[in-house]
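Visitor: sequence first, then the predicted structure:
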Amino acid sequence: MKEPNGVGRMWNLYRTGGFTPAIASMLGSQNAQHMAQIRNMNREQRRTSALDGTLESLEVVVFDLETTGFSPNNGDEIISFGAVSVRGGEVIEEESFYSLVNPKRHIPPNITELTGISNEMVKDAPDLIQVLSSFMSFIGKRILVAHASGHDKQFLNQALWRTSKTNLNHRVIDTIMLAKWLEPGLPQYDLDTLLLRNEIPIANRHHALEDSIMTAKLWNKYMDKISLKKNIVTLGDVYAYLSQH
């Protein structure tokens with residue numbers, strides 16, 4: 001009898017043992033474990049809502065990604081993750097996350113110049129699924145915060161789908177939206193401009209962890225301003241206000 005090929009072997013395992021053995025045969029047991037962990041954490045997130053919690057008790061994770069370019073649909077890849085915890089209005093720098101990622105492709109010279117990340121630096125870095133699994137474990141069920149989050153969400157969603165066939169279920173708050181509410185009329189809302197306006201020292205820009213820490217400090221500045229406004233007590237109040245303006 002002919003031995004089934006890779007696809008046939010996976011299908012046989014799926015029929016006889018279910019999803020996990022089939023995926024393990026295709027990806028290897030370690031990557032299958034990472035995949036299962038990512039899917040489970042994302043599934044649990046659907047059951048969580050922080051909209052009713054007060055802003056002063058809110059726990060968030062501020063994160064940033066560095067990438068080989070701006071289009072994941074055209075082959076650009078994540079080259080580093082950075083994140084830091086914020087709890088009770090305090091940036092907890094000792095609760096941080098940082099990792100390079102092996103993008104399995106060449107990093108353009110302009111990206112190396114911008115981020116300081118070279119091809120040599122990432123050649124022995126972990127694969128995307130390993131870093132993504134660790135990142136999802138770090139954030140847990142907490143709300144995510146990012147500056148200009150569209151770029152990061154696009155890459156994160158593609159990474160989640162490609163590695164684990166799931167999408168991001170976490171709420172993501174963009175500090176640009178808060179800036180446009182609290183500092184209206186600015187000619188631009190890039191991170192450097194907002195950091196300078198709020199007297200936050202700028203250092204090591206375009207390093208994923210350092211950018212996360214600076215964005216976290218900006219987030220705290222905005223939370224302090226929002227706390228002075230009447231009728232804005234919970235995250236749900238913030239969402240309601242932003243949806244109307």
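Guide: In hand now; what should we look at?
Visitor: assign a three-state SS to residue 102, would you?
Guide: coil (DSSP: H, G, I helix; E, B strand; the rest coil).
Visitor: wait, it touches residue 130, no?
Guide: No - the pair residue 102 / residue 130 is not scored as a contact, 9.4 Å apart, by Cβ atoms under 8 Å. For the C-beta atoms, the positions are set from N, CA and C on the backbone; glycine is no exception.
Visitor: the longest helix in the protein is where?
Guide: helix 208-227 (DSSP state H).
Visitor: residues near residue 185, how many?
Guide: 5 (other Cβ atoms under 10 Å).
Visitor: tell me the helix or strand right after the helix or strand where residue 137 lies.
Guide: Element membership of residue 137 [criterion: DSSP states H and E] is helix 128-139. Sequence order places strand 143-146 as the next helix or strand after helix 128-139, per DSSP H and E.
Visitor: mind listing what that following strand pairs with, with the direction of each?
Guide: strand 59-67 (parallel), strand 172-174 (parallel) (DSSP bridges).
Visitor: just those strands: most buried one?
Guide: Stretch with highest mean neighbour count among the strands paired with strand 143-146: strand 59-67 (a mean of 24; mean count of other Cβ atoms under 10 Å).
Visitor: now do that strand: distance to the chain's middle.
Guide: 5 Å (Cα atoms, centre = their mean, to the nearest Å).
Visitor: immediately after that strand, which helix or strand?
Guide: strand 78-87.
Visitor: strand 59-67 and that next one, what's the angle between them?
Guide: On the basis of axes from the mean of the first three to the mean of the last three Cα atoms, to 10 degrees, strand 78-87 is oriented at 160 degrees to strand 59-67.
Visitor: show me what strand 78-87 is packed up against.
Guide: strand 59-67, strand 90-100, helix 109-115, helix 128-139, helix 208-227 (3 or more Cβ pairs under 8 Å, 6 or more residues apart in numbering; DSSP states H and E).
Visitor: return the distance of it from the chain's centre.
Guide: 7 Å.
Visitor: tell me which residues in that strand are buried?
Guide: 78, 79, 80, 81, 82, 83, 84, 85, 86 (16 or more other Cβ atoms under 10 Å).
Visitor: how about the fourth one, what does it touch?
Guide: Contacts of residue 81 were listed using Cβ atoms under 8 Å, 6 or more residues apart in numbering, and they are 63, 65, 97, 98, 99, 101, 131, 132, 135, 208.
Visitor: who wins for neighbours among the residues you listed?
Guide: residue 63 (27 neighbours).
Visitor: that residue reaches residue 139, doesn't it?
Guide: Yes - judged on Cβ under 8 Å, residue 63 makes contact with residue 139 at a distance of 7.4 Å.
Visitor: need the overlap of contacts for these two.
Guide: Counting by Cβ under 8 Å, 6+ apart, the residues touching both residue 63 and residue 139 are residue 83.
Visitor: could you list the domains of this protein?
Guide: 6-38, 50-244 (automatic domain parsing).
Visitor: export those to a markdown table and tack on mean pLDDT?
Guide: As requested, those are exported to a markdown table (pLDDT from 0 to 100):
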| stretch | mean pLDDT |
| --- | --- |
| domain 6-38 | 57 |
| domain 50-244 | 94 |
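Visitor: got the buried residues for the helix holding residue 137?
Guide: 128, 129, 130, 131, 132, 133, 135, 136, 138, 139.
Visitor: and the residues you listed as JSON lines, adding distance to residue 240?
Guide: Shown next, in JSON lines, are the buried residues of helix 128-139 (distance: Cβ to Cβ, whole Å):
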{"residue": "128", "distance to residue 240": "36"}
{"residue": "129", "distance to residue 240": "37"}
{"residue": "130", "distance to residue 240": "39"}
{"residue": "131", "distance to residue 240": "35"}
{"residue": "132", "distance to residue 240": "32"}
{"residue": "133", "distance to residue 240": "34"}
{"residue": "135", "distance to residue 240": "30"}
{"residue": "136", "distance to residue 240": "28"}
{"residue": "138", "distance to residue 240": "29"}
{"residue": "139", "distance to residue 240": "24"}
